[in-house]
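# Sequence and predicted model, in that order:
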Amino acid sequence: MNAPQKRELFAAESIAAPLRHVVFRRIWLASLLSNLGLLIQAVGAAWSMTQMTASADKVALVQTALMLPIMLISMPAGAIADMYDRRIVALAALAVSLTGAVTLTVLAWHGLVTPERLLALCFVVGSGMALMGPAWQSSVSEQVPPETLPAAVALNGISYNIARSFGPAIGGVIVAAAGAVAAFAANALLYLPLLAALFLWRRVVEPSRLPREPLNRAMVSGVRYILNSPSIRIVLIRTLVTGLIGGSISALMPLVARDLLHGGAQTYGIMLGAFGMGAVVGALNIGDIRKRLSGEAAIRSCALTLGAATAAVALSTEPVLTAAALVVAGAVWMLAVALFNIGVQLSAPRWVAGRALAAFQAAISGGIAIGSWGWGRLTDAAGVEVALLVSGALMVASPLLGLWLRMPPIGARNEDAETLADPQVQLELTPRSGPLVVEIEYRVAEDNARAFHDLMQEVQLSRQRNGAYGWSIARDIADPELWTERYHCPTWIDYLRQRNRSTRTERELHQRAIDFHIGVDPVRIRRMLERPFGSVRAKGDIDRTAEQAPAVASAARSGP
């Protein structure tokens, strides 16, 4: 790579590179305001609840009502983001949150808010944001070129952490000056710029030639893809563990301010701001970290540093030292989460990107939620200092996971491959005809038997994550050169989807398997209907000929 090319690459990876693109810049700035509004509302809701009840449980439930929807509807939200126009999904989700915010404002203005209504409307606002999350994050790759995607992911993290640094303070000023109703109204108003930015985005939609999956099948497809994708599975497990252990600082921050620093609300706000500013610093340096360190080395460094910073917070009694430790903790926490997010985004093809990001959201939010409960129980039993020291020790030990679950290398996005032509059929089929059985016969030299078998284990994962089941590979005992790959697809339409979900990397993998084939005849492929006189189609469906099956775009190549 020559010097001009290197300069161009570094420019693309700089944190400001995505902001050169008008659509991303407009949506990013609007999302910053939206994040501020959400945190301002959280302050107003918590204060309003303290005015209505003395129950600490109900005050804590405000945060639960806002965050619980992420765990409950993340996978359906991801499936919806992949099935429909992501811009429309995001607009609809924002409309849900805006409706909840406006309703809460009107009820508060008229003095009709009760604890139950407050929690219910916070849940509505949180549900809208949970629905928007996968659609928004998976659409980032459509707003910027692939080489700037990591920087765009980091910028989204910066957006939230800037809001977290200043949102609670702004919310406190608004509540003190004008009451909780003003905080609710501010949140409602700050949704409007994001609605306008999404409305102005003229997204280029590539219509699918196949009908969309039902929601339940789409969710199953997402789970199946993740389970059969080692790289995504490893990233999600490491994300969950990091959330379980590393969420202790955020969960125990109020107790750090009260019990270790002997401060009040002002001290808590300063500590929260220090953590948030550290996160901004971390996000600004994500590009340099990715250039200097591999994925595993970066996560290992973040874990060790976060463990040390957590221990420093536990042992410090001076606000200045604690704030400095929190800046460091916020920086490495943001770096780790951004690296996990980038790993998921670049590993998942476009057709399942929303569901993969939904799984990431569920992993990080679920880890933090469950971990926070555990750290709270340990604090009740042994005190906040012990809980933080245990958390720090576990975080220092967490890189040992890399011995079994090593972070995959993070490269360019695994893009979809070109469309394959549909196979020729003579049997009358409907989209719901099935199950379909596919058999592929390879003739492999006996000296290559072990290498071919090992490669087919990777082919198995490729077939299964794209929709196949019942996969097997068999060797003819009478003709040891003859191998038969066999798998099922539920219906004809599922088979058409399975064929065209393969990425370029997967197509190259399939070609490597074909390259083992010897002989003058090509690889033999048989496609068979397992229930030729009784498919899974609904009663009353009319059989159609192959010519009446879903239209297929012409393509130059075919395959299994």
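Ah, there it is.

# And the pLDDT for residue 165?
For residue 165, the model assigns a pLDDT of 67.

# cool, residue 111 as well?
Taking residue 111 on its own, its pLDDT is 88.

# do the same with residue 500
pLDDT, read off for residue 500, is 86.

# Pull the contacting residues for it.
210, 419, 420 (CB atoms under 8 Å, 6 or more residues apart in numbering). The way it works is simple: take the backbone N, C-alpha and C, and place the C-beta from them, glycine included.

# Highest neighbour count among those?
residue 420 (19 neighbours; other CB atoms under 10 Å).

# That residue and residue 433: what is the separation?
19 Å (CB to CB, to the nearest Å).

# and if you look at residue 84?
Taken as CB to CB, the span from residue 84 to residue 433 is 26 Å.

# out of the two, which sits in the busier spot?
residue 433 (26 against 14).

# Reduced to three states, what does the more buried one come out as?
Classification of residue 433 by DSSP: H, G, I helix; E, B strand; the rest coil places it in coil.

# thought it was touching residue 529?
Yes: proximity of residue 433 to residue 529 meets the contact threshold set by CB atoms under 8 Å, at 6.2 Å.

# would you list every one of the strands in the protein?
436-443, 469-475, 482-489, 524-529 (DSSP state E).

# Output these in a markdown table; the columns should cover mean pLDDT and mean neighbour count.
Formatted as a markdown table, these follow (pLDDT from 0 to 100; neighbours: other CB atoms under 10 Å):
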| stretch | mean pLDDT | mean neighbour count |
| --- | --- | --- |
| strand 436-443 | 96 | 19 |
| strand 469-475 | 96 | 14 |
| strand 482-489 | 96 | 20 |
| strand 524-529 | 93 | 14 |
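
# Distance to residue 147 for the ones you listed - can I get that in CSV?
Shown next, in CSV, are these (distance: least, CB to CB, whole Å):
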stretch, distance to residue 147
strand 436-443, 36
strand 469-475, 35
strand 482-489, 36
strand 524-529, 37
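
# looking at those strands, which is closest to residue 374?
strand 469-475 (36.7 Å; CB to CB).

# Tell me which of the strands of the chain sits nearest to residue 229.
strand 469-475 (15.1 Å).

# Which residues outside that closest one are in contact with it?
449, 453, 456, 460, 463-464, 482-490.

# For the residues you listed, name the two members farthest from one another.
Among these, 449 and 490 lie farthest apart (CB to CB), at 31.7 Å.

# In the stretch 451-560 of the chain, mark out all the helices, start to finish.
492-500, 504-515 (DSSP state H, counting those that start in this stretch).

# Could you single out the most deeply buried of those?
Stretch with highest mean neighbour count among the helices of the stretch 451-560 of the chain: helix 492-500 (a mean of 23; mean count of other CB atoms under 10 Å).

# That one: how far from the chain's middle?
Its chain's average C-alpha position is 25 Å from that of helix 492-500, according to CA atoms, centre = their mean, to the nearest Å.

# in stretch 171-179, what's buried?
Going by neighbour count (16 or more other CB atoms under 10 Å), the buried part of stretch 171-179 is 171, 172, 174, 175, 179.

# residues touching the fourth one, list them.
Under the criterion of CB under 8 Å, 6+ apart, the contact partners of residue 175 comprise 43, 44, 47, 182, 183.

# Now the fourth one: closest residue in space that isn't a chain neighbour?
The reference is to residue 182. Leaving aside its sequence neighbours, residue 182 sits nearest to residue 174 (CB to CB, 6 or more residues apart in numbering; 5.1 Å).

# swap in the last one?
Taking CB to CB, 6+ apart as the measure, residue 183 lies nearest to residue 44, with 2.7 Å between them; neighbours along the chain are not counted.

# Need the helices of the stretch 451-560 of the chain in JSON lines (columns: distance to residue 393).
Below are the helices of the stretch 451-560 of the chain laid out as JSON lines (distance: least, CB to CB, whole Å):
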{"stretch": "helix 492-500", "distance to residue 393": "46"}
{"stretch": "helix 504-515", "distance to residue 393": "39"}
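
# Which of the ones you listed sits closest to residue 228?
That would be helix 504-515 among the helices of the stretch 451-560 of the chain, by CB to CB, at 11.3 Å.

# Put the alpha carbons of the closest one into PDB.
Only the C-alpha atoms of helix 504-515 are listed here, as PDB (Å, rounded to 0.1, in the frame of the first residue of the first chain):
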ATOM      1  CA  ARG A 504     -19.200 -14.100  -0.700                       C
ATOM      2  CA  THR A 505     -17.100 -15.800   2.000                       C
ATOM      3  CA  GLU A 506     -19.600 -18.600   2.200                       C
ATOM      4  CA  ARG A 507     -19.700 -19.000  -1.600                       C
ATOM      5  CA  GLU A 508     -16.000 -19.200  -1.600                       C
ATOM      6  CA  LEU A 509     -16.200 -21.900   1.100                       C
ATOM      7  CA  HIS A 510     -18.700 -23.900  -1.100                       C
ATOM      8  CA  GLN A 511     -16.400 -23.500  -4.100                       C
ATOM      9  CA  ARG A 512     -13.400 -24.900  -2.100                       C
ATOM     10  CA  ALA A 513     -15.500 -27.900  -1.300                       C
ATOM     11  CA  ILE A 514     -16.300 -28.300  -5.000                       C
ATOM     12  CA  ASP A 515     -12.600 -27.900  -5.900                       C
END
